[in-house]
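Chemist: Can you look at this prediction? I've put the sequence above it.
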There are 2 protein chains.
Amino acid sequence: MSLSEFDLIREYFSRPGQPPRADVIRGIGDDGAVLRVPADRELVLSLDTLVAGVHFPLDTPPAAVGYKALAVGLSDLAAMGAEPAWATLALTLPGIDRQWLKEFSQALLQLAGAYRVQLVGGDTTRGSLAISLQVHGFIPRGAACYRSGAQCGDLVCVTGTLGDAGLALRAGNRADCQDSDDYHQLLARLQRPQARVQEALAIRHLVHAMIDISDGLLADLGHILSMSGVGACLHVDCVPLSDPFVGMRDILGEPHWLNVALSAGDDYELCFTVSPDQLQTVQRLLKLAGCRCTCVGEITRGPGLQCRHEDGRTFHPAGTGYDHFAPLASTDL
Amino acid sequence: MSLSEFDLIREYFSRPGQPPRADVIRGIGDDGAVLRVPADRELVLSLDTLVAGVHFPLDTPPAAVGYKALAVGLSDLAAMGAEPAWATLALTLPGIDRQWLKEFSQALLQLAGAYRVQLVGGDTTRGSLAISLQVHGFIPRGAACYRSGAQCGDLVCVTGTLGDAGLALRAGNRADCQDSDDYHQLLARLQRPQARVQEALAIRHLVHAMIDISDGLLADLGHILSMSGVGACLHVDCVPLSDPFVGMRDILGEPHWLNVALSAGDDYELCFTVSPDQLQTVQRLLKLAGCRCTCVGEITRGPGLQCRHEDGRTFHPAGTGYDHFAPLASTDL
């Protein structure tokens, strides 16, 4: 049985069961979607691509791919302090695998429904498996949280725990790790990252600078520092670690596990800076949202990022994050 | 010399020479772009993917790829009657080829500048060459042109000429054709399609239904018919052909050249329906915009699309347009 592009979208992505948003005048099905942004709001956009074999292993369950494609976008909206509203999807497929499409679309639409996000348009094409997804959200005028707002004297905080996704990726290559409860908890962090949307909405009026940790704390905090024209001192022994991370980190050994926690990325926690007199309020608001908040350093006049142990020793990290082009750039140019 | 993802965006896509739009609060460089939609406008979005080897031949000049990636989006905005404003770009590259990136980005940004479109965000990733580009435009509230508005008795019109891009693609496979002026004019239509943006803005208040012809007149008019719940009679001898098309069509023979004009797609002209008493006004407005307008049929109570010659004979088209998945679907399922 053949399935045209139009049928594909209708069959897998229209989901008539969910009530449409009132701000969607026309969604999927025309040359473009027609949408209304509230008059007192600014629109926030973010577009991300996931390529099979680059951003996720080829054997990743389709539900995990669908979930993550949207979750990374929601995390970008969270980093800006924006409330999610709509998504568009460009799906490139090597062929039509109905079971794959069903599991991919169900996971994506289920996550969308949980955040009241409506899929309003997209494109399906033939080619190597890749997913580009754009998220759209709202923020009150002038309220966006930028990377560039960090101030000397601010405290550097992170939500949740770091390194879980990176450790899951490394443990996944070892046959002796894959039966443990710890591994499955870490794998859930890698495959189904939780975007800190509610947490960001709760604290956006209090933070000076914010970013989501997709490329690792060192790289992403580095973006805050360079765009704010400041430096930071990071207390590496304060970096929050989960119980499963602590349970499994010995497969890597020290200092390698610390490098994973600082540089591996893919955790989609928030890193933000806040003035010391607002720390308690921020921590209280995040606790109400069920989210751990840890102070891991402070902003300095800079420039540069210094990493220190509790006893004052300098820590020299092995890498500063993930750059999609670094391995190619060094060989091709 | 290595080139990180961040440098890549800054070097090739930031273009500080062009004045930024006042409605772009924050463009490239943060977790998301922050934008303002005028209070009396609706937002129109369209996302399209071009895959190398599927949507364009692998030897297509990078400037043509960059130009076309944006032009197809502008054409979607035109079909909705929307005024272009912003674009986001997800660029997937097998490696960093500086010359390719330079030519690709220059052509894209030059076309963007011509329409006052600002590139406000995007993502660069490693993988098979593919470009997903989302365009964003504005339309006065309630003024969008949909596929679903055609009314019984409307005339069916098209802008410009049809079949040029399709004939260029077919002539490109023949060594005996490639030196002629006709071929180069057709090739320009294939590689640098002109989105009918100004034309659409001039007539959007007068048309009942509108679509851009990306998949061929038969397929795209078919979308108008099915979404409007009507039929149409198409006078195939009225379909407007360019001089270079007429000059080269004999390489295909009749009726094959007529099938190309009706079904090949990639011309990015507009097809719209209008009540007979508005035809003269629409034709006058399009003439002022320097654009040919041809009446090719009329909307009937339907259903279905009938194709007729001037002498009343029925024409049976060989295909109804391009479906990216059709060849796969028939073999894989």
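Modeler: Perfect, I can see it now.
Chemist: Hmm, A:Cys293 is touching A:Thr159, no?
Modeler: Yes: if you go by CB atoms under 8 Å, A:Cys293 and A:Thr159 touch, sitting 5.9 Å apart. Just so you know, the C-beta spots here come from the backbone N, C-alpha and C atoms, and that holds for glycine as well.
Chemist: what touches both of these two?
Modeler: Listed as contacting both A:Cys293 and A:Thr159 by CB atoms under 8 Å, 6 or more residues apart in numbering or on different chains are A:Leu286.
Chemist: Compare these two and say which one has the larger neighbour count.
Modeler: Using other CB atoms under 10 Å in any protein chain shown as the criterion, A:Cys293 and A:Thr159 rank with A:Thr159 on top: 26 against 22.
Chemist: Which pLDDT value goes with that one?
Modeler: Model confidence at A:Thr159, given as pLDDT, is 98.
Chemist: so it sits right up against A:Gly290, yeah?
Modeler: No: using CB under 8 Å, A:Thr159 is not in contact with A:Gly290; the gap is 10.6 Å.
Chemist: What's the per-residue pLDDT of the spatially most central residue of chain A here?
Modeler: Of all residues in chain A, the one closest to the mean position by CA atoms, centre = their mean is A:Tyr268, 3.4 Å from it. With respect to pLDDT, A:Tyr268 scores 96.
Chemist: Am I right that it is in a helix?
Modeler: No: under DSSP: H, G, I helix; E, B strand; the rest coil, A:Tyr268 sits outside any helix and is assigned coil.
Chemist: gap between it and B:Ala22?
Modeler: Remark: distance between A:Tyr268 and B:Ala22 (CB to CB, to the nearest Å) = 33 Å.
Chemist: ok, now A:Val65?
Modeler: Going from A:Val65 to B:Ala22 by CB to CB gives 39 Å.
Chemist: Likewise for A:Val117?
Modeler: Counting by CB to CB, the gap from A:Val117 to B:Ala22 is 28 Å.
Chemist: repeat for A:Pro38
Modeler: The span separating A:Pro38 from B:Ala22 equals 20 Å under the rule CB to CB.
Chemist: ok, now A:Ala175?
Modeler: 58 Å.
Chemist: quick one: A:Gly113 is in a strand?
Modeler: No: A:Gly113 is assigned helix when assessed by three-state DSSP, not a strand.
Chemist: Do I have it right that it meets A:Pro20?
Modeler: No: using CB under 8 Å, A:Gly113 makes no contact with A:Pro20, being 11.7 Å away.
Chemist: moving C-terminal of the stretch of helix or strand A:Cys295 belongs to, what's the next helix or strand?
Modeler: A:Cys295 belongs to strand A:293-300 when assigned by DSSP states H and E. Later in the chain than strand A:293-300, the nearest helix or strand by DSSP H and E is strand A:304-308.
Chemist: Give the other helices and strands that that next one contacts.
Modeler: Applying 3 or more CB pairs under 8 Å, 6 or more residues apart in numbering or on different chains; DSSP states H and E, we find strand A:304-308 packed against helix A:217-228, strand A:231-235.
Chemist: Mind checking the ones you listed for the one nearest to chain B?
Modeler: Closest of the helices and strands packed on strand A:304-308 to chain B is helix A:217-228, at 7.3 Å (criterion: CB to the nearest CB).
Chemist: Point out the other elements, helices or strands, that the closest one touches.
Modeler: strand A:209-212, strand A:231-235, helix A:256-263, strand A:270-274, strand A:293-300, strand A:304-308.
Chemist: Check whether stretch A:155-169 comes near chain B.
Modeler: No: Stretch A:155-169 lies apart from chain B when judged by CB under 8 Å from any CB of the partner chain; the minimum separation is 14.6 Å.
Chemist: Output that stretch as CSV - backbone C-alpha positions only.
Modeler: This file holds the C-alpha atoms of stretch A:155-169, laid out as CSV (Å, rounded to 0.1, in the frame of the first residue of the first chain):
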residue,chain,number,x,y,z
LEU,A,155,26.3,33.3,41.8
VAL,A,156,26.4,30.5,39.1
CYS,A,157,23.6,28.0,39.7
VAL,A,158,22.5,24.8,38.0
THR,A,159,19.2,22.8,38.2
GLY,A,160,19.1,19.1,38.8
THR,A,161,22.2,16.9,38.3
LEU,A,162,24.9,16.8,35.6
GLY,A,163,26.6,14.1,33.7
ASP,A,164,23.9,11.5,33.7
ALA,A,165,23.3,11.5,29.9
GLY,A,166,27.1,11.5,29.2
LEU,A,167,27.7,8.5,31.6
ALA,A,168,24.7,6.6,30.0
LEU,A,169,26.3,7.1,26.6
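Chemist: wait, doesn't A:Gln178 sit right on A:Ala171?
Modeler: Yes: in this structure, A:Gln178 is within contact of A:Ala171 by CB under 8 Å, at 7.3 Å.
Chemist: neighbour-wise, which of the two wins?
Modeler: Neighbours per residue, other CB under 10 Å: of A:Gln178 and A:Ala171, the larger number sits with A:Ala171, 22 against 12.
Chemist: By residue count, what's the longest helix in chain A?
Modeler: For chain A, the helix with the greatest residue count under DSSP state H is helix A:62-80.
Chemist: Which elements pack onto the next helix or strand after it?
Modeler: Next along the chain after helix A:62-80, taking DSSP H and E as the criterion, comes strand A:83-93. In terms of contacts (3+ CB pairs under 8 Å, 6+ apart), strand A:83-93 is packed against strand A:33-35, helix A:62-80, helix A:98-114, strand A:118-126, strand A:130-140, helix A:197-203, strand B:41-51, strand B:130-140.
Chemist: If I look at A:Gln18, what pLDDT would I see?
Modeler: On the pLDDT scale, A:Gln18 is placed at 75.
Chemist: sec struct for it, please.
Modeler: Following three-state DSSP, we place A:Gln18 in the coil state.
Chemist: pretty sure it contacts A:Tyr115?
Modeler: No: in this structure A:Gln18 lies outside contact range of A:Tyr115 using CB under 8 Å: 11.7 Å.
Chemist: Those two: which has the busier surroundings?
Modeler: The residue with more neighbours, out of A:Gln18 and A:Tyr115, is A:Tyr115; 20 against 15, by other CB under 10 Å.
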